[in-house]
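*Asks:* Could you work out the structure for the sequence below:
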Amino acid sequence: MNKLILIFFLFTHVLNAQTLDDLEFGTDTTLDIVSWNIEWFPKNSSTSNYVEEILRNLNADIYALQEIDDTVLLKQVVSNISGYETYFKSSYYGGLAYVYNSNTISVNDQYEIYTSQQYWNAFPRSPQVLDCNFLGKNYILINNHFKCCGDGFLNINIFNDEENRRKQAANYLKQYVDSNFSFKNVIILGDLNDNLVDPNVHNVFINIINDTLNYLFADINIAQSTSSNWSYPSWPSHLDHILITNELFQDFSHPTSRVEVIKLDEYMSGWNNYENNVSDHRPIGLKLKTDALTFSDKLKQHEKKIVKIFDIFGLERIKKKPGINIILFDDGSYKKEFYIK
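*Replies:* Next comes the predicted model:
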C-alpha cells in the first residue's frame with residue numbers, strides 16, 4: 001500500500017510540474033503586450049537561452065523590456081525567433097528596448113520623449129515611444145523605467161527625493177499624453193518602481209489614479225491582491241504596471257481581455273532558479289480583445305460578389321455555362337472567364 005501511495009505521489013508530482021515548454025500567453029485573436037525588466041540582461045551565460053525560450057513561448061505581439069545591458073546579445077536572441085524584430089535608441093541608451101512580431105505589428109514610428117537635461121531628474125531613462133498598428137488599429141506604447149529606491153515617503157519639497165522624482169515622471173507622462181495623444185489608444189507600461197496602493201499623500205501616481213475618466217491602471221486588482229501575485233517577489237512589492245487610456249476601456253472590459261503577472265518562476269523549478277539565471281522581476285502581460293477586424297475578416301469584407309453573368313453577346317445568364325462568361329461584380333468591375341463544365 002505504501003509503495004502504491006509513493007508511486008501515485010511521484011506520478012502526480014510529475015504531471016503537475018511545469019516547464020517553460022508549458023508556458024503560453026499570446027493568441028491569434030488578441031493584442032498581447034508584455035512588459036519585463038530582465039535585470040541587466042544577461043545575468044550569466046545561461047540567461048540568453050532562457051530568455052529566448054521565454055519570448056518564443058509567450059508569443060506576445062510586443063515586448064517592452066527594461067534593463068537590457070547587452071544589446072548585441074539581445075539582437076542575437078531575437079534573431080533566433082522567426083518574425084521578431086528589436087528596437088533600441090542609440091543617442092543615449094538607458095536599457096529600454098522593444099521586441100515585436102513584425103507579422104502582426106506594423107511600426108509607424110519609434111522615438112524618445114523628455115530627453116533634454118531639464119527632465120533628467122524625473123527620467124534617468126527617457127521614455128521610449130512605439131507608434132504602431134495591430135490589425136489596422138493604431139496604438140501608442142510608452143516604455144519606462146522610473147527611478148528606483150526611496151523610503152516610501154513622498155517629499156515634494158526635496159527635488160531629489162526618489163518618490164518625488166517618480167511623481168514628477170508620472171505627471172510629465174500624463175501631461176504629454178493629454179497634450180499629444182488625447183484621442184489615441186495609449187498604453188504606458190514598464191518598471192515604474194512604486195506601488196499603486198500607497199496612501200494618497202505618498203502615492204506618486206495619485207494624479208493619474210484620480211483621473212478615472214481618462215486613465216486606468218489595468219493591474220490595479222493585482223496591486224490590491226495577495227503578494228504572491230506581485231511582480232517583484234523579493235521585496236515583496238508590485239512595481240511593474242500597465243496604464244491604459246479611456247479609448248481602451250471597452251476593449252479591456254471584454255471577457256477575453258485580461259492583465260496578469262506571469263509567474264515564470266513556476267515554470268523554472270522555483271524562484272531561486274529564476275532569479276539566479278534570469279531576473280528579479282516577473283513580467284506583466286496585457287491581453288486585449290480589440291474591436292479591430294481580423295485579417296480573415298478583412299479578406300471576407302473585400303470579397304467581390306457576383307451580380308450578373310452574361311454571354312459574349314451581352315445576354316444575361318442565370319449561371320455560368322461552358323465557354324466564355326462575362327462576370328459583373330458588385331463593385332462595378334468585371335472579368336472574362338472561360339468555363340469548362
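*Asks:* what's next to stretch 161-175, contact-wise?
*Replies:* 114, 119, 121-123, 127, 142, 144, 146-156, 158, 188, 192-194, 202, 204-208, 211, 215 (Cβ atoms under 8 Å, 6 or more residues apart in numbering). For the C-beta atoms, the positions are set from N, CA and C on the backbone; glycine is no exception.
*Asks:* sorry, that was for stretch 217-235
*Replies:* By Cβ under 8 Å, 6+ apart, the residues outside stretch 217-235 that reach it are 195-197, 205, 208-209, 236-244, 252, 259-261, 265, 271, 275, 280-284, 286.
*Asks:* And the residues you listed, which of them are buried?
*Replies:* Burial by neighbour count, 16 or more other Cβ atoms under 10 Å: within the contacts of stretch 217-235 this picks out 195-196, 205, 208-209, 237-244, 252, 259-261, 265, 271, 275, 280-284, 286.
*Asks:* Mind listing what's buried along the strand ranked longest in the chain?
*Replies:* The longest strand of the chain (DSSP state E) is strand 31-41. For strand 31-41, a neighbour-count test (16+ other Cβ under 10 Å) marks Leu31, Asp32, Ile33, Val34, Ser35, Trp36, Asn37, Ile38, Glu39, Phe41 as buried.
*Asks:* Which pair of these spans the longest distance?
*Replies:* Using Cβ to Cβ, the buried residues of strand 31-41 span at most 26.3 Å, a distance reached by Leu31 and Glu39.
*Asks:* Doesn't Asn49 belong to a helix?
*Replies:* Yes. Membership of Asn49 in a helix is supported by DSSP: H, G, I helix; E, B strand; the rest coil.
*Asks:* Point out where the stretch 1-150 of the chain drops to low pLDDT.
*Replies:* Along the stretch 1-150 of the chain, the parts satisfying pLDDT under 70 run over 1-16, 90-92.
*Asks:* could you pull out the helices for it?
*Replies:* Per DSSP state H, counting those that start in this stretch, the stretch 1-150 of the chain has helices spanning 2-16, 47-58, 71-79. These are given in chain order.
*Asks:* can you list contacts of the second one?
*Replies:* It stands for helix 47-58. With contact meaning Cβ under 8 Å, 6+ apart, helix 47-58 is reached by 20-21, 23-26, 32, 34, 38, 41-42, 63, 73-74, 76-78, 80-81, 84, 99, 262, 264, 268, 277-278, 283, 285.
*Asks:* Make a ChimeraX selection of the buried ones in those.
*Replies:* Restricted to buried positions by 16+ other Cβ under 10 Å, the ChimeraX selection for the contacts of helix 47-58 reads:
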select :23,25,26,32,34,38,41,42,63,74,77,78,84,99,262,264,268,277,278,283,285
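*Asks:* what's the span of stretch 65-81, first residue to last?
*Replies:* End-to-end distance of stretch 65-81 (Cα to Cα, to the nearest Å): 16 Å.
*Asks:* before we move on, what about stretch 255-262?
*Replies:* Terminal-residue distance, stretch 255-262 (Cα to Cα): 19 Å.
*Asks:* same check, this time on stretch 134-149
*Replies:* Terminal-residue distance, stretch 134-149 (Cα to Cα): 36 Å.
*Asks:* Stretch 125-144 too?
*Replies:* Terminal-residue distance, stretch 125-144 (Cα to Cα): 7 Å.
*Asks:* Run through the strands of the stretch 151-300 of the chain in chain order.
*Replies:* With strands called from DSSP state E, counting those that start in this stretch, the stretch 151-300 of the chain shows them at 186-191, 215-217, 240-245, 258-261, 284-288.
*Asks:* Which neighbours in the sheet does the longest strand of the chain have, and how are they oriented?
*Replies:* Sheet pairing of strand 31-41 (DSSP bridges) gives strand 62-68 (parallel), strand 284-288 (antiparallel).
*Asks:* Please produce a markdown table containing those strands, extended by distance to Lys305.
*Replies:* Formatted as a markdown table, the strands paired with strand 31-41 follow (distance: least, Cβ to Cβ, whole Å):
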| stretch | distance to Lys305 |
| --- | --- |
| strand 62-68 | 36 |
| strand 284-288 | 32 |
